[in-house]
Every structure is written in structure tokens, then in C-alpha cells.
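Student: Predicted model, plus sequence, below.
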Amino acid sequence: MPRLPPPTERVAARRRAIGEQIRAARLYANLTQEAIALRIDMTLSSYNRIEQGHASPLLDTLIRIADAIGVPLAELVREE
């Protein structure tokens, strides 16, 4: 499989922003990273990489995270 080029700065910045929005929603819901990772059947380290903006999650994973936190998907990916 061909390797993808590194993300542009805009893409990397948006990925970090989405990770921050996920973290804020999780904290507002008073949930730990471990609780979310367990709810979505993901390792804690993989989930942490999403929140830190180091991993690019699939849409299905973002939907599962939103459901686990109890927020609409749009809240996690909105641009401010």
C-alpha cells in the first residue's frame, strides 16, 4: 500500500483542534480517557494519540467517541 504524504500544516492543526475538542467534551462529561477507550473498545494509548492530535481517526471512530461521551459528532469537529 502506498504511503500517504505527511499532512499539511492546516490538516495537522485541525487534527490537534479536534483532539482538543474531544478532550474538552470528555472532561465536561467528567469521563477519563480510560473510560472512553473501554467504551469504544480501543487501547488507551490509541485513544490518547487521538486526543493529542497525533493520530487521524476514522469517521467511524469519531462517531463512537461522540456516542461514548454523549455529544453530537458535530460538537467534536466544529471549526471555531
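Tutor: It's in. Residues are numbered from 1 along each chain as shown.
Student: Could you list the low-confidence segments of this protein?
Tutor: Residue ranges of the chain with pLDDT under 70: 1.
Student: Tell me the buried residues in the helix ranked longest in it?
Tutor: Longest helix in the chain, counting residues (DSSP state H): helix 9-28. Across helix 9-28, burial judged by 16 or more other C-beta atoms under 10 Å covers 15, 18-19, 21-23, 25-26. C-betas here are computed from N, CA, C, even on glycine.
Student: What is the nearest of those residues to residue 74?
Tutor: Using C-beta to C-beta, residue 21 is the member of those that lies nearest residue 74, at 10.3 Å.
Student: before we move on, back to that, can you add distance to residue 77 and give the buried residues of helix 9-28 back as CSV?
Tutor: Compiled in CSV, the buried residues of helix 9-28 are given as follows (distance: C-beta to C-beta, whole Å):
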residue, distance to residue 77
15, 10
18, 6
19, 11
21, 7
22, 9
23, 13
25, 11
26, 14
